[in-house]
Structures are given as structure tokens and as C-alpha cells.
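# Quick one, fold the following:
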Amino acid sequence: MGDTIDLHLHTQYSDGALSPLQAAEAAAQAGLRAIAITDHDTMEGLAELRDVPGLEIVPGIERKALFRDTEIHILGYDGDWEQMRRQPRLIADREARNAAIIEKLRADGVDITTKELYASKKGVAGRPHIAALLVKKGYFPDVKTAFAEWLGEGRPYYASLAWQTVPEIIQALGAAGAASVLAHPLQYAFPEPQLRELVQLCRDAGAVGMECLYSGYSRAETEMLLALCREYDLCPTGGSDFHGPNRPERVIGGVQAPYAWLCTLREREARHG
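As a prediction, the model looks like this:
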């Protein structure tokens, strides 16, 4: 085993392709020392895992928030799922959006039900799983086309989430004992003043880290983010954001952050908490 980590992986419990155990085994084969399973709005996949020799599994989750009309992702590490699932908005907002989308589809004669959606999905269901169900039923050749024509923002069957703010998400994660980290900060395409505003907002709300190593980020981009971490007194983290074949450029172990970063993150959260 090496001494590197990947703290951003998705599984079948959200919008990934592999089971949690398959993802963990792939990480072990890639020589990683630790990974975090960070499915969207759920940690239920952790119950399916068993020990993988030499691999540390960090309990994780990824939440969505709104900042300047942009979807922001916040990662939470080492939280307690039983505490987190008792937060009423965690699942309710997604279920309400799913119901709204399916109601629109059924009103136009599309053969789809919420019962079918939840029967076909472990963990938390969302638009990707509605799209997959539409593909299965022959309405589209693939999920990408379903989003482009029906489910994407601005398309006829899109429904928005009842968004929470960045501070609300970070505070909810903290209440469940999780360390909050701003995910893939360059993906939001903010100019520098707005990026700094977001980083400051996250830190002031209680976040302790920021993802600096990420699939596709250049060395110069990573160095810039590391400098921001130092300036705002945040811990750097890194992750591939692995999903599976639908995003082949994101590979388990393709981003290898040092294990020391995980230790520092935990030390910071212990002091912060």
C-alpha cells in the first residue's frame, strides 16, 4: 500500500456505477491507503462495506447548496449518518423534486411512477435515476440525451430543489460531527473576487478545508488553490470525484493526495469542534 488518499468517490447509492465494496476494492488495487465514499445526500452505502485489507474507509457525504445562483458542493467527512438522516430536509427536498418531475411526466402520458423509481435505486434517488428509468423504458438511448431533452435545467420536465445556503449546509454537517470541505472550487467558474468570497463564506460558516487536488486540475491550478488554503487557514484535500464509465476521465487513484492531509484535516476538526 502507498501513502496516498482519494477523498471523493461516488457509488451506486447516488450517481456512481460501482457498489461501495467494488469502489473500495478498486482503490486498494490502485494502492491507496484511504478513501472517502461521498455519495450525494446519503451515507447508507457504508453499511454495505466490509473491511478491505490495508484500506481505511472515511465516512463521507456530499451536499449541495446555493451561492450566487450557482450550485455549490460541500463535502463532509467523519460525520454520523444516524444524526445526519434525522435532519428533515436531507432527503425530503430530493423526494419532493422527484415527485414533481414524475408528476409532470405522467401528466404528458409518460409511463413512469415514483414506485418504480425507488424500487430500482438504493440510497438517494435523483434526476440521473429518473433518466436511467426513462432509458430503460425506451424513451431515450442514454441518460445524457434524457437530460438534454427533458430533465436538464430549462428543459420541460426540470424541477428545482428547494436550495439551502452554504452556511446552512456547513452548519448541518457540523451538527452531525462532520468536517466540512469546499469541493472542486474551480468548477464553479467564478472570477477571483467571487471565488474568494465563497472561500471566505465557507470558512466563516465553519468549513475546515478545500479540495485542491482534483481530476483535471493542472499543477498551476492546484498551487493556486493551495495558496488560497494557506491564506484562509484551511486544510487542503484531494479527490478524483470518481463516478464510473460515464465519466471516464475521473479515475480512482487518478488523484493521489498525501495521507498527511487527512491527518491534518482531522486534527483541525478536532480543535474546531
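# what's the nearest residue to Gln200 if we skip its chain neighbours?
Tyr232 (6.7 Å; Cβ to Cβ, 6 or more residues apart in numbering). The C-beta positions use only the backbone N, C-alpha and C, and glycine is treated the same way.
# on contacts alone, who are the packing partners of the longest strand along the chain?
The residue-count maximum for a strand in the chain (DSSP state E) belongs to strand 56-67. For strand 56-67, the packing partners by 3 or more Cβ pairs under 8 Å, 6 or more residues apart in numbering; DSSP states H and E come out as strand 4-9, strand 34-37, strand 70-77, helix 81-84, helix 166-175.
# Show me what counts as buried in the fourth one.
Applying a neighbour-count criterion of 16 or more other Cβ atoms under 10 Å, the buried positions in helix 81-84 are Trp81, Met84.
# And the next helix or strand past that helix?
Using DSSP states H and E, the helix or strand that directly follows helix 81-84 along the chain is helix 89-107.
# What count of nearby residues applies to Thr11?
With neighbours defined by other Cβ atoms under 10 Å, the count for Thr11 comes to 29.
# Same question for Arg68.
Around Arg68 there are 12 residues (other Cβ under 10 Å).
# Check the spacing between it and Pro191 real quick.
11 Å (Cβ to Cβ, to the nearest Å).
# swap in Ala162?
Ala162 is 28 Å from Pro191, by Cβ to Cβ.
# mind showing which ranges of the stretch 1-150 of the chain have poor pLDDT?
The stretch 1-150 of the chain contains residues with pLDDT under 70 at 1.
# What count of nearby residues applies to Thr70?
13.
# For it, which non-adjacent residue is spatially closest?
Per Cβ to Cβ, 6+ apart, closest to Thr70 is Tyr188, 5.3 Å.
# Can you name the residues that contact that neighbour?
Thr70, Ile72, Leu195, Leu198 (Cβ atoms under 8 Å, 6 or more residues apart in numbering).
# Of those, which is the most crowded?
Ile72 (24 neighbours).
# and the closest residue to it other than its chain neighbours, how far is that from Thr165?
Nearest non-adjacent residue to Ile72, counting by Cβ to Cβ, 6+ apart: Ala65, 4.8 Å away. Here Ala65 is placed at a distance of 6 Å from Thr165 (Cβ to Cβ).
# if I read this right, Gly244 contacts Gln22, doesn't it?
No. Using Cβ atoms under 8 Å, Gly244 is not in contact with Gln22; the gap is 9.6 Å.
# what's near enough to touch the residue nearest to the spatial centre of the chain?
With distances taken as Cα atoms, centre = their mean, the residue of the chain nearest its centroid is Glu62 (3.4 Å). Glu62 is in contact with His8, His10, Ser14, Thr38, Asp39, His40, Asp41, His73, Ile74, Leu75, Gly76, Ala183, counting by Cβ under 8 Å, 6+ apart.
# cutoff 10 Å now
Going by Cβ atoms under 10 Å, 6 or more residues apart in numbering, Glu62 touches 8-10, 14, 36-42, 73-76, 181, 183, 239, 241.
# which residue packs closest to it, ignoring adjacent ones?
Thr38 is the one closest to Glu62 (Cβ to Cβ, 6+ apart), at 4.6 Å.
# The one you found: neighbouring residues, count only.
Neighbours of Thr38 (other Cβ under 10 Å): 30.
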